[in-house]
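Visitor: dropping a prediction and its sequence here:
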Amino acid sequence: MKKILAVSLIFFSVALGIIALAAPSPRSTLKGSKPSWAKPGNYLTGANASTQLGFRVYLGWNNAAGAEALARAVSDPRSKSYRHYLTPAQFRQQFAPTGDQVAQVQSWLTSQGFTLVYTPKNNHYVSAQGTIAQAQSAFGVGFGNYKVNGLTVYSPSGDVSIPSSLAGVISDVIGLDQGYAFLHTDLVKDNPNAAPSPGFRNSPPLSAYYGQLLTGIAVPPYTPPPAAPGYSFPTGFTANPLGLASVPWTIKGHTPADVKGAYGISSSYDGTGQTVAIIDAYASPTILQDANQWSTNRGIPQFGAAGGGTFTQVVAPGTFNKKEGPAPHGFPVQDPQGWYGEETLDVESVHGMAPNANVVFVSAPNNYQDLDAAMNHVVDQHLAQIVSNSYGFPTEFLHPGFVKPVNDTLMQGAIEGIGIYFSSGDAGDETINFGFATTDFPASSPWVTTVGGTSLAVDASHNLVFETGWGVSTYPCNTNTLVCTRAGFSGGGGGGVSCIFSQPSYQSGAGVPAASAGTLCNGFVGRGVPDIAALADAQTGYLVGQTQTFQSCNGTVVKYDEYRLGGTSLACPIVAGIMALSDQKAGSPHGFANPFFYENPGKFRDIGPVNTAVARRNFKNSVDDCNGTSDFLRTFNDYSESPTQSTGPGWDDVTGLGVFNGIP
């Protein structure tokens with residue numbers, strides 16, 4: 001696992017030429033506060049001392065053991081305290097750091113020249129800003145620039161230290177390194193290999209339902225190619241549940257009616273009285289008009305109309321209309337437009353499942369930090385009873401100084417009866433990216449419900465044809481010879497066994513295996529990921545509507561259009577929306593639902609292997625056919641480069657317990 005480079009404060013002081021001539025005050029080291037990637041082999045140069053940084057000094061909960069015990073009790077169906085949640089005020093009174101503790105931290109930070117920014121009501125952290133030079137002096141450690149995953153990012157070069165007088169108050173510090181650069185959305189467009197473009201469209205032929213249109217059979221004006229008999233199913237992926245004459249073309253995109261039909265979700269509940277929060281970065285300036293147009297096209301009520309619930313955006317100043325490109329103060333590249341599609345997918349997925357629920361969108365003002373603060377805000381203000389999160393870090397290689405504060409916030413959510421859901425990731429077991437299998441974080445946290453991915457097929461009447469685990473390889477096709485040759489693995493639902501969290505009690509007896517060979521903790525009995533699953537595969541994805549800028553040789557136009565999206569970014573808000581129906585049905589929030597889910601596996605439909613494939617056509621420019629098109633096959637239930645994963649009976653590391661079998 002992680003190797004922490006232990007280097008003394010004196011070594012760094014000498015190296016940086018900032019030797020303290022007077023006897024230093026006693027210091028305490030925050031063990032594990034240096035990221036594992038900040039190692040000599042990745043070191044480039046010393047960090048620019050004048051670079052501005054923003055960070056949060058986290059204070060731990062008072063009576064942390066009592067808080068954890070209460071979080072377990074209120075979430076356990078077998079406990080007398082089940083669903084006896086605390087209000088935010090009650091939580092603060094029992095467990096939050098005191099005003100005096102906060103004042104001590106604030107006083108020390110200002111004495112070091114930092115500017116104070118914000119402290120939330122639960123006193124969980126003190127946000128401050130300053131320069132790297134000030135941070136080097138205050139935290140007793142040098143800073144360096146490191147080359148990691150193709151990015152140049154800065155970090156403390158050793159564990160940070162604090163005055164010993166604050167050792168019992170400060171638990172961790174977040175934001176001193178640029179590890180946020182590795183965070184990503186779990187969203188997959190239909191053509192992941194296309195050059196980035198503000199606009200995106202799916203190329204016809206597009207079926208209205210699975211098996212409607214087949215390769216080799218005329219679909220004017222898109223035939224030929226391919227000519228009859230059409231493309232062949234790849235070797236090993238020849239399952240053909242409907243006995244089709246050739247490989248079917250992909251669908252235009254699933255609708256709420258399709259998803260509800262497949263999962264047996266009745267129309268008796270619509271989310272009335274329930275609130276779902278969605279956390280993302282940035283904020284789409286057209287989201288409300290897009291979601292309302294999409295709703296009209298689906299035949300469901302618009303936000304603000306009778307039966308349409310409400311939509312609220314909670315955004316920081318300056319969040320709207322940020323430009324693509326370098327971020328201020330040396331942070332990694334910012335990508336607002338990339339997150340607009342994420343918000344669109346999340347909002348329309350929740351609204352499609354629970355049209356009369358209230359949706360609160362909470363945006364971090366950037367995609368390189370502050371998502372932990374956004375989560376704390378939702379929990380501390382109790383903005384919702386359900387929270388959907390479609391992002392994560394592609395490994396668990398985050399220093400404990402990041403993991404513990406986030407887990408503390410998630411634990412507060414459980415105590416307050418807030419169900420927090422995270423997507424499991426879109427790169428399978430991550431072997432293809434890192435050479436070893438690993439779960440993502442926060443998906444691996446034992447305090448969240450993690451949602452994996454499936455490939456889904458429904459018929460013209462919204463009935464299930466089949467569903468299997470999401471794992472996909474790409475086969476480019478020659479339109480003349482009709483030969484399709486495998487090019488490689490292109491993605492799948494994240495999953496596996498955590499190497500940093502032990503297996504929680506609610507997974508005992510669920511059939512979660514120990515970590516396997518191919519991980520960094522072979523034999524470790526860890527937390528299994530995911531817990532449950534839903535539609536995610538971009539080949540069988542969800543039809544969304546968004547205003548985009550379409551640029552091609554035919555000109556430029558800005559307009560609303562609809563296209564198919566996927567990823568566990570889709571699965572997570574689908575589950576969140578269905579849980580709003582479940583809370584409505586139960587008459588109270590389920591809160592942290594994992595103990596409830598594992599106590600009731602019959603509420604899920606188990607997902608098994610169906611080895612098959614679909615054909616698809618891509619616009620080469622992602623917008624229209626003026627630059628031509630390309631044909632591909634995409635396989636289902638394919639883990640060829642995700643070797644620790646498989647879909648099978650009972651819990652598995654692609655789909656967890658399975659998908660909802662009716663409203664749970």
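Guide: Cool, the structure landed.
Visitor: ok, residue 372 touching residue 410?
Guide: No. Assessed by C-beta atoms under 8 Å, residue 372 is found out of contact with residue 410, at 10.3 Å. No exception for glycine: its C-beta is placed from N, CA and C like everyone else's.
Visitor: grab the most central residue of the protein for me.
Guide: residue 391 (2.3 Å; C-alpha atoms, centre = their mean).
Visitor: and that residue, what's its pLDDT?
Guide: Residue 391 is assigned 87 on the pLDDT scale.
Visitor: show me the contacts for the closest residue to it other than its chain neighbours.
Guide: Leaving out its chain neighbours, the residue that sits closest to residue 391 by C-beta to C-beta, 6 or more residues apart in numbering is residue 185, at 5.1 Å. Residue 185 makes contact with 280, 338, 339, 342, 390, 391, 567, 569 under the criterion C-beta atoms under 8 Å, 6 or more residues apart in numbering.
Visitor: residue 78 too?
Guide: With the criterion set at C-beta under 8 Å, 6+ apart, residue 78 makes contact with residue 599.
Visitor: what of residue 431?
Guide: Counting by C-beta under 8 Å, 6+ apart, residue 431 has contacts 437, 518, 641, 642, 643, 644.
Visitor: and the gap between it and residue 489?
Guide: 9 Å (C-beta to C-beta, to the nearest Å).
Visitor: which neighbours do the two have in common?
Guide: 641, 642.
Visitor: so what does the host helix or strand of residue 534 touch, helix or strand wise?
Guide: Per DSSP states H and E, residue 534 falls inside strand 532-535. If you count contacts as 3 or more C-beta pairs under 8 Å, 6 or more residues apart in numbering; DSSP states H and E, strand 532-535 packs onto helix 256-263, strand 449-458, helix 568-586, strand 659-660.
Visitor: if we use 7 Å, what do you get?
Guide: strand 449-458, helix 568-586, strand 659-660 (3 or more C-beta pairs under 7 Å, 6 or more residues apart in numbering; DSSP states H and E).
Visitor: show the subsequent helix or strand relative to it.
Guide: Following strand 532-535 toward the C-terminus (DSSP H and E): strand 542-552.
Visitor: work out the gap between that following strand and the centre of the chain.
Guide: 22 Å (C-alpha atoms, centre = their mean, to the nearest Å).
Visitor: go on, stretch 352-361?
Guide: 19 Å.
Visitor: please name the nearest non-neighbouring residue to residue 167.
Guide: Closest to residue 167 by C-beta to C-beta, 6+ apart is residue 28, at 3.8 Å.
Visitor: pull out the buried residues from the helix or strand harbouring the one you found.
Guide: In the assignment (DSSP H and E), residue 28 maps to strand 27-29. For strand 27-29, the neighbour count (16 or more other C-beta atoms under 10 Å) marks 27, 29 as buried.
Visitor: next: stretch 101-109.
Guide: For stretch 101-109, by 16+ other C-beta under 10 Å, it's 101, 102, 104, 105, 106, 108, 109.
Visitor: what does stretch 556-574 give?
Guide: Going by 16+ other C-beta under 10 Å, stretch 556-574 has these buried residues: 561-574.
Visitor: ok, which stretches of the stretch 401-550 of the chain are helices?
Guide: 431-434 (DSSP state H, counting those that start in this stretch).
Visitor: could you list the low-pLDDT ranges of the chain?
Guide: 1-25, 183-184, 186-198, 316-338, 365-369 (pLDDT under 70).
Visitor: which residue ranges of it form helices?
Guide: Using DSSP state H, the helices of the chain run over residues 9-16, 64-75, 88-95, 99-111, 132-139, 256-263, 287-298, 336-353, 371-380, 400-415, 431-434, 568-586, 594-599.
Visitor: what's the most buried one of those?
Guide: For the helices of the chain, the largest average neighbour count (mean count of other C-beta atoms under 10 Å) is found in helix 568-586, namely a mean of 29.
Visitor: what are the ranges of the strands in the stretch 201-350 of the chain?
Guide: Here the stretch 201-350 of the chain has its strands, by DSSP state E, counting those that start in this stretch, at 275-281, 311-314.
Visitor: roughly how far is the shortest one from the heart of the chain?
Guide: What that stands for is strand 311-314. That offset, for strand 311-314, works out to 20 Å (C-alpha atoms, centre = their mean).
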